[in-house]
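A.B. asks: Structural data only, the sequence is not supplied:
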Ligand code: Z5A
């Protein structure tokens, strides 16, 4: 018996899709609907978030968001973001992608460039070093950028109650965060889809859904699979 007949083929790696944007842009609202959309197309999906997404990473998240930790050193904050990400990748994201599932992640490394780079003013080259250390060559296949005026996003988010350590930042901080997101999207248009997050919920949902359908279509075409619900890419 030849070995090849006994081994099932390795599943094609899933896609990593990240949702980015400032506070209150609508990422958490839309992630569940996007997951349902992918499932309806016959794709296994894992939804997750950063910082967090695995037991140790969630404990690091609690440290990072705790408003009692005001004044945390900026490099410590950067390293904690990547420590959480290393755990998240090892325990959740890579196993899911390797099994062929698609991963929908509420924030990823673009948030580090935007918040620690733009907001805190850290050098993006330092962030890039950590990105390579922690991720190797893994990058998102698609990033949905929910773009919004910070004043509107903060008004939405602050309507929810007590602010965490990031929500307590100034409008100036969030302007800098948004500027980096927009620069990055402009620099790599093939990876990003900018979505006008000030539009009504249904319009935002339709734009985000279309971006995912386009990616599914591309993957199926590349794999030589006829398009249509029910057939995994
Ligand atoms: N952070 C970082 O600094 N560096 C990093 O590398 C990473 C993260 C990964 C995580 O906090 C913090 O960590 C984050 C950046 C930092 N802090 N900030 N700022 P989080 O996960 O708790 O916070 P978030 O990601 O910003 O979640 P959010 O505030 O909940 O935002 P959202 O998920 O985009 O918004 P939402 O919850 O879907 O919507 C907010 C409200 O607006 C809600 O009532 C919706 O019904 C409403 N909404 C949403 N869309 C619309 C539209 N289109 N019309 C009307 N109303 C709407």
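C.D. replies: Structure's in. What do you need? Since we're looking at a predicted model, the values are computed, not measured. Residues are numbered from 1 along each chain as shown.

A.B. asks: next one: stretch 59-68 to chain centre, how far?
C.D. replies: 19 Å (CA atoms, centre = their mean, to the nearest Å).

A.B. asks: Following element in sequence after the helix or strand of the chain with the lowest mean pLDDT, please.
C.D. replies: Least confident helix or strand of the chain, by mean pLDDT, DSSP states H and E, is helix 3-6 with a mean of 48. Next helix or strand after helix 3-6 toward the C-terminus (DSSP states H and E): strand 16-21.

A.B. asks: Not counting its own residues, what contacts that following strand?
C.D. replies: Strand 16-21 has contacts (CB atoms under 8 Å, 6 or more residues apart in numbering) with 27, 30-31, 34, 93, 97, 102-108, 110-111, 114, 138-148, 153, 181, 197, 212, 215. Just so you know, the C-beta spots here come from the backbone N, C-alpha and C atoms, and that holds for glycine as well.

A.B. asks: partners of that strand, with directions?
C.D. replies: Within its sheet, strand 16-21 is paired with strand 102-106 (parallel), strand 142-147 (parallel), according to DSSP bridges.

A.B. asks: What's the mean pLDDT across the last one?
C.D. replies: Mean pLDDT, computed over strand 142-147, is 98.

A.B. asks: And stretch 187-195, by the same measure?
C.D. replies: Mean predicted lDDT for stretch 187-195 stands at 98.

A.B. asks: One more: stretch 74-84?
C.D. replies: The average pLDDT for stretch 74-84 rounds to 98.

A.B. asks: do stretch 32-48 as well
C.D. replies: Average pLDDT, stretch 32-48: 97.

A.B. asks: so how far does it reach from one end to the other?
C.D. replies: Distance between the two ends of stretch 32-48: 10 Å, counting by CA to CA, to the nearest Å.

A.B. asks: Got a quick ChimeraX command for the buried subset of the contacts of strand 16-21?
C.D. replies: Command for ChimeraX that selects the buried part of the contacts of strand 16-21, burial taken from 16 or more other CB atoms under 10 Å:
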select :27,30,31,34,93,97,102,103,104,105,106,107,108,110,111,114,138,140,141,142,143,144,145,146,147,148,153,181,197,212,215
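
A.B. asks: which ones among the contacts of strand 16-21 come in contact with the ligand?
C.D. replies: 27, 106, 107, 111, 197 (CB under 6 Å from any ligand atom).
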